[in-house]
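>>> pasting a predicted model and its sequence here:
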Amino acid sequence: MYILQESLFSFDELQKLESKERLPIFFSALDLRPYAKELRSHSPRGADGHCRQGILRALLAAPLENIDTLTGLHRRLDVDLRFRYQCGLRLDREAPSIATLSRVFAELTGKELAKLLFDDLVVQCKKEGIIDGSHVAIDSAAIHAYEKKQP
């Protein structure tokens, strides 16, 4: 039995919301400070890094903007100042490098912050009445990834 998931917005509403309007609405509902705090370097050495909350926002916004690689995300942050600003990154600095994005992504997954963020969002959605938690949907779509095979 297949259950069609209800949409939060109608198709017409989504068409009206341009990219420049979607991201502020998306980010206004999220408090990413606790997660970004876990990503900060606790060492007093080294150069001032990029805003970890901004990089986290960029990583979350990438799928919404149909960006599927870190190279594509870097290119978009480098070229599109509005996108960089909406992600909370400074405009007077260069965009985070691919290596920086990769390091933050690895730290995000290594510390299981992505799972924690997802679990917290589910709890928040249940409190708001967006979802009731009585149904479980399992997606068996193939995901193409550049991952080393484990022996």
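Perfect, thanks for sending it.

>>> now A62. Nearest residue, chain neighbours left out?
Excluding the flanking residues, the one nearest A62 by CB to CB, 6 or more residues apart in numbering is L73, at 4.9 Å. From N, CA and C alone the C-beta is placed, and that goes for glycine too.

>>> that neighbour: neighbour count?
Look at L73: counted by other CB atoms under 10 Å, it has 24 neighbours.

>>> just C87 next, same as before
So C87, with other CB under 10 Å, has 26 neighbours.

>>> give me the buried positions along the lengthiest helix in the chain.
As assigned by DSSP state H, the longest helix anywhere in the chain is helix 113-128. By 16 or more other CB atoms under 10 Å, the buried positions in helix 113-128 come out as L113, A114, L117.

>>> now those residues in TSV, with distance to D80 and pLDDT?
As requested, these are exported to TSV (distance: CB to CB, whole Å; pLDDT from 0 to 100):
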residue	distance to D80	pLDDT
L113	26	88
A114	24	84
L117	24	86
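
>>> tabulate those in JSON lines, adding columns for distance to E65.
Putting the buried residues of helix 113-128 into JSON lines (distance: CB to CB, whole Å) gives the following:
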{"residue": "L113", "distance to E65": "21"}
{"residue": "A114", "distance to E65": "18"}
{"residue": "L117", "distance to E65": "18"}
